Each structure stands twice: as C-alpha cells, then as structure tokens.
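>>> compute the structure for the input listed below.
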Amino acid sequence: MLELFRVGGVVMWPLLALSALAVGIILERFWTLRRKTVLPPNLTAEVLTLVRGRRIESSHIDALRQHSPLGKVLATALAERHRPHEKLVARVENTGREVVHGLSRWLNTLGTIAIIGPMMGLLGTVIGMIRMFLVITDVGTGDATRLAGGIGEALMATAFGLVVAIPAYIFHRYFRGLVQAFALEMARDASQVVDALETPAADRAATAAAPAVRAAAPVTPAPARTTR
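You can find the predicted model right below:
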C-alpha cells in the first residue's frame, strides 16, 4: 500500500490531508447532529406546559436557550412573547436561521473536498502524463519501466482523488438533508409555541368584548299586559 502511495507522486500528500480532514468532519457532524441533541424529545411539550400554565420565568428562558438548538429557538419565542405577532415571528425566524447555520457548520468544507478531490487527482494525472512524455522525449519508447512510472502516477492519483471525493460528496448530501429535516421540525415546534402564546390573549380579549357587545345590543321591551 505504501509503495502504491509513492507511485501516485506529490499530489498524493495533499489528497491524504484532504481525506483526513473529510473523515474528521464526518465524525464530528455525526456526533453533533444527533437527533436527541438537536431536537430533545418532549422539550416542546414541556415548554407548552409552561406557556399554558403561565409559569414563564427568566430562569426558564435562560436554561432553555442553553439547552439545545431547538431550545434556543423556543427560548426566543418565550422571550419575545410580549411583542406583536409580526415582530415575534420575525425574531423566531432569525434565531432559526442562526441555528440552522450552526448546524450546517463544516458542510461547505466537506462539499469543497468533494469537488477538489477529483481535480487534484486530475492534476496528478496530468503530471504523470507530462513525466511520460518527457521520458519519451529523452529515451524514446524503448524504456518501458520509466514509461510505466508515469502511467502509474497518473492512474494512482486519479483513483485516490475519487476515493477521497466520493464519500465526501455522499456525506455532504446526507448531512444537508438531515439539517433541512431538523429545520422543518424546529419550525413546526416553534409555530406550536407561538400559537400557544397568542391563544390565551385572544381568549381574554374575546371575553372582555362580550359584555360590551351585550350592553350595546338593543333591548326589546316586554309586551304590555292587557287588562280586561
């Protein structure tokens, strides 16, 4: 294996560094993007219980913000609950974008590795072909051993570039889809909390308006009794 690596030429060392970086990113993303870490089970239900019981305190909001990515989004909804609906939704959406950006960390790097891996392999191929043509120029086609060295360098660089790029591309697409799925679920849970925050206020407004409506309604006089 080491001999094959040496055959690939100088391009193999950058490709080796890219492969190590890709493996590190993949392992880190698998650890960070665990579902129970991003979307802890029953967290939304607990927040809804606090909202419906009107037991929201600043300590709850601070703890929720440090709890998880989902908790950070829900904490924003609780912290901005006194704002008008449009501003509340805008703040929650901004926090959601920040959280999704954090979940997408290193994915651009992984995608870049998937792109430049084959390019570096192609560079190794070109270098190997150049070496082969230089050998032909110097000694002609009679020295098969030296010609084989250039061909081997070209083939090994191309193969190793693809070996690096294909897994990087697969996991880049996988993690992007996973982040998008998490974003949709966080948006759904945040909508539930926002609705729960606004529903009690609407109910109180309707109850307060009911007596005024009754007072404004015309009173129909009772029919007079006829005395015989």
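>>> just give me the residue right at the centre of this structure.
Geometric centre of the chain, nearest residue: residue 179, 3.1 Å, by C-alpha atoms, centre = their mean.
>>> list the contacts of the closest residue to that residue other than its chain neighbours.
Of all residues not flanking residue 179 in the chain, residue 103 sits nearest, at 4.7 Å (C-beta to C-beta, 6 or more residues apart in numbering). All C-beta spots, glycine's among them, are computed from the backbone N, C-alpha and C. For residue 103, the contact set (C-beta atoms under 8 Å, 6 or more residues apart in numbering) comprises 32-33, 38, 69, 179, 182-183.
>>> which residues of this structure score low on pLDDT?
Scanning the chain for pLDDT under 70 picks out the ranges 1-5, 135-152, 200-228.
>>> show me where it has its helices.
Taking DSSP state H as the test, the helices found in the chain are 2-7, 12-32, 35-38, 43-52, 58-65, 69-79, 85-103, 107-139, 144-216.
>>> can you say which of the ones you listed is packed in most?
With neighbours defined as mean count of other C-beta atoms under 10 Å, the helices of the chain peak in mean count at helix 69-79, which reaches a mean of 23.
>>> other SSEs contacting it?
Helix 69-79 sits against helix 43-52, helix 58-65, helix 85-103, helix 144-216, with contacts defined as 3 or more C-beta pairs under 8 Å, 6 or more residues apart in numbering; DSSP states H and E.
>>> contacts for it, please.
Contacts for helix 69-79 (C-beta under 8 Å, 6+ apart): 38-40, 43-44, 47, 50-51, 56, 60-62, 64-65, 67, 88, 91-92, 94-96, 98-99, 102-103, 182, 186, 189-190, 193-194, 197.
>>> any idea of the angle that helix forms with helix 58-65?
Calculated by axes from the mean of the first three to the mean of the last three C-alpha atoms, to 10 degrees, helix 69-79 forms an angle of 150 degrees with helix 58-65.
>>> next, the angle helix 85-103 makes with helix 69-79.
Helix 69-79 runs at 160 degrees relative to helix 85-103, counting by the same axes, to 10 degrees.
>>> what separates helix 69-79 from the chain centre, distance-wise?
Its chain's average C-alpha position is 17 Å from that of helix 69-79, according to C-alpha atoms, centre = their mean, to the nearest Å.
>>> got it, and stretch 159-179?
The answer for stretch 159-179 is 16 Å, by C-alpha atoms, centre = their mean.
>>> how about stretch 155-170?
Relative to the centre of its chain, stretch 155-170 is centred 25 Å away, using C-alpha atoms, centre = their mean.
>>> give me the contact list for it.
If you take C-beta under 8 Å, 6+ apart as the criterion, stretch 155-170 is touched by 4-5, 7-9, 11-12, 15, 18-19, 22, 26, 110-111, 113-115, 117-125, 127-128.
>>> contacting residues for the closest residue to residue 80 other than its chain neighbours?
Among residues not flanking residue 80 along the chain, residue 91 sits closest, at 4.6 Å (C-beta to C-beta, 6+ apart). Going by C-beta under 8 Å, 6+ apart, residue 91 touches 76-77, 80, 83.
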